[in-house]
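> Pasting a predicted model and its sequence here:
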Amino acid sequence: MEFSQADFDRLLVAEHTRKTAEVTYDKDPLDAENLTKWGGALLELAQFQTVSDAKKMINDAISKLDEALAINPSRHETLWCMGNALSTTAFMTTDSDEAKVSFDKAAQFFQKAVDADPGNELYQKSLEVAAKAPELHMDFQKAAASQQAMGGASSASSTSTAAKKKSSDLKYDIFGWIILAAGIVAWVGLAKSHVPPPPPR
């Protein structure tokens with residue numbers, strides 16, 4: 001698996017943030033901002049892991065964010081981060097009903113973040129994406145199933161390394177979908193707000 005320089009830089013920053021947060025936590029376990037940074041770093045690092053490791057890291061992030069929200073339940077950065085963690089969990093779940101539960105929870109956290117910081121465009125866009133997420137999830141699952149069916153038919157004797165690569169590619173597709181969904185919503189929103197006036201007749 002090859003990383004671009006930008007990916008490598010993100011990985012280094014996230015790992016540094018995680019380690020710093022761990023040290024800070026030992027000194028002050030009730031620092032909600034630190035716990036939020038730690039959870040955010042784990043979410044970032046999860047993007048560079050295998051699917052099973054990513055799931056563990058995301059669950060760890062959720063537990064850090066839960067701790068932060070127990071200390072400060074109205075901290076909008078933490079609420080938004082939790083929405084992201086739950087959305088990512090949902091996209092990594094193949095069961096539609098289970099995914100919907102996570103998407104619904106994510107939407108609640110995004111809504112709380114918007115309520116706490118109404119002028120934040122990123123929070124608004126996240127809330128919009130959350131509304132479309134179950135549909136994107138279904139489309140993604142269909143695409144993944146057809147991709148696996150085609151791949152399985154052509155190489156019945158695939159090795160475990162090929163299986164690992166597929167699993168890794170699938171995980172990147174999941175994160176790609178999340179980023180793509182956010183990008184599409186942002187682009188559509190931007191396009192709507194900058195529609196040129198109709199030409200005079």
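Structure received.
> Verify the contact between Ala107 and Glu128 for me.
No - counting by C-beta atoms under 8 Å, Ala107 sits too far from Glu128 to count as a contact (10.0 Å). Bear in mind the C-beta positions are built from the backbone N, C-alpha and C, glycine included.
> Does the residue nearest the centre of the chain belong to a helix, a strand or coil?
Central residue of the chain (C-alpha atoms, centre = their mean): Thr88, 3.9 Å from the mean position. Put simply, Thr88 is helix when judged by DSSP: H, G, I helix; E, B strand; the rest coil.
> Can you report how many residues lie near Gln47?
When neighbours are counted by other C-beta atoms under 10 Å, Gln47 registers 21.
> I'd like the distance between it and Ser146.
Noted for Gln47: a distance of 24 Å to Ser146, by C-beta to C-beta, to the nearest Å.
> What distance do you get for the residue nearest to the centre of the chain to Gly39?
As defined by C-beta to C-beta, Thr88 lies at a distance of 12 Å from Gly39.
> Repeat that for Ala99.
To Gly39, Ala99 is 21 Å away according to C-beta to C-beta.
> So which of those two has more stuff around it?
It is Gly39, of Ala99 and Gly39, that has more neighbours when counted by other C-beta under 10 Å, with 29 against 22.
> Arg18 against Trp38, yeah?
Yes - the pair Arg18 / Trp38 is scored as a contact, 6.3 Å apart, by C-beta under 8 Å.
> Among those two, which residue is more densely surrounded?
Neighbours were tallied for Arg18 and for Trp38 using other C-beta under 10 Å; the higher tally belongs to Trp38 (26 against 21).
> so how far is the helix or strand hosting the more buried one off the chain centroid?
Here Trp38, judged by DSSP states H and E, is contained in helix 32-46. Relative to its chain's centre, helix 32-46 lies at 12 Å (C-alpha atoms, centre = their mean, to the nearest Å).
> which residues does Ala85 contact?
Shown in contact with Ala85 (C-beta atoms under 8 Å, 6 or more residues apart in numbering): Gly39, Leu43, Ile58, Ala61, Ile62, Leu65.
> tell me the pLDDT at the second one?
Pointing back at Leu43 there. Here, the pLDDT recorded for Leu43 equals 91.
> Tell me, how many residues neighbour it?
Using other C-beta under 10 Å, Leu43 has 23 neighbouring residues.
> what's the answer for the fifth one, then?
Using other C-beta under 10 Å, Ile62 is surrounded by 19 other residues.
> I'd assumed Leu43 was in contact with it.
No - using C-beta under 8 Å, Ile62 makes no contact with Leu43, being 9.2 Å away.
> How far off centre is stretch 55-64?
12 Å.
> Which stretches in this structure count as helices?
Ranges of helices in the chain, per DSSP state H, are 5-27, 32-46, 51-71, 76-91, 96-116, 121-154, 160-193.
> Confidence-wise, which of these is weakest overall?
Looking at the helices of the chain, the bottom one is helix 160-193 with a mean of 47.
> Asp53: what's it in contact with?
So Asp53 contacts Ala46 (C-beta under 8 Å, 6+ apart).
> quick one: it and Ala21, what's the gap?
19 Å.
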